[in-house]
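**Q** no FASTA, just this:
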């Protein structure tokens, strides 16, 4: 009888633990964290330097970020549904705010898939393919969701971030606020 109670107890524990699991899968698309669209703004006196952003782009050219302009850095992947949804907004805003530099950073993706995505949407700005760039944001506003979008001020300091899909309103407001400083 005691053995049956222990077996039933172990089964109940296993069922309980499986019900509480995170549901994280080995499938890349299912194992990422999506953001909620929250916007964070950092007061100028509290900002820290953005990481160095340089390297090879999806088109095979070398790129190096230069301080001096407000810069929008979008972290994306071709398999990410919110990334696919927000890309027309980013493209439109990159055309509207011509005095602002737009830059993509590819994460957790295969370059051929990302290249096809970039061609399909005719992304007009460069995308770096060095995932290690994201580590440079860890002390300011880490890109801990896909997509994430950071805004860097004219002095090269991280000024804000949107976790998740950008909207015209959320990113425009952040760009305009940082640009007016």
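**A** Looks like it arrived, so ask away. Since we're looking at a predicted model, the values are computed, not measured. Residues are numbered from 1 along each chain as shown.
**Q** end to end on stretch 161-172, go ahead and measure it.
**A** Counting by Cα to Cα, to the nearest Å, the length from the leading to the trailing residue of stretch 161-172 is 12 Å.
**Q** next, the buried residues of that stretch.
**A** Of the residues in stretch 161-172, those buried under the neighbour-count criterion (16 or more other Cβ atoms under 10 Å) are 161-166, 170-171. Placement of C-beta: from N, CA and C, glycine included.
**Q** residue nearest the middle of this protein, spatially speaking?
**A** Among the residues of the chain, residue 148 comes closest to the average C-alpha position under Cα atoms, centre = their mean, at 2.6 Å.
**Q** dump the residue contacts of that one.
**A** For residue 148, the contacting residues are 35, 74-75, 161-164, taking Cβ atoms under 8 Å, 6 or more residues apart in numbering as the criterion.
**Q** repeat for residue 40
**A** For residue 40, the contacting residues are 141, 160-163, taking Cβ under 8 Å, 6+ apart as the criterion.
**Q** closest to residue 93 among these?
**A** Proximity to residue 93 was ranked across the contacts of residue 40 by Cβ to Cβ; first place goes to residue 162, at 11.8 Å.
**Q** so that closest one makes contact with residue 169?
**A** No. With contact taken as Cβ atoms under 8 Å, residue 162 and residue 169 are classed as non-touching, separated by 10.8 Å.
**Q** just give me the neighbour total for residue 155.
**A** In terms of burial, residue 155 registers 14 neighbours under the definition other Cβ atoms under 10 Å.
**Q** cool, and residue 141?
**A** If you count neighbours by other Cβ under 10 Å, residue 141 ends up with 22.
**Q** how about residue 88?
**A** When neighbours are defined as other Cβ under 10 Å, residue 88 has 11 of them.
**Q** check which element follows the lowest-mean-pLDDT helix or strand in the chain along the chain.
**A** Taking mean pLDDT, DSSP states H and E as the measure, the helix or strand of the chain with the lowest value is helix 2-19, at a mean of 39. Elements were assigned by DSSP states H and E; along the chain past helix 2-19, the next helix or strand is strand 38-41.
**Q** how much space separates residue 36 from residue 161?
**A** 12 Å (Cβ to Cβ, to the nearest Å).
**Q** that should have said residue 47, apologies.
**A** For residue 47, the distance to residue 161 equals 12 Å [Cβ to Cβ].
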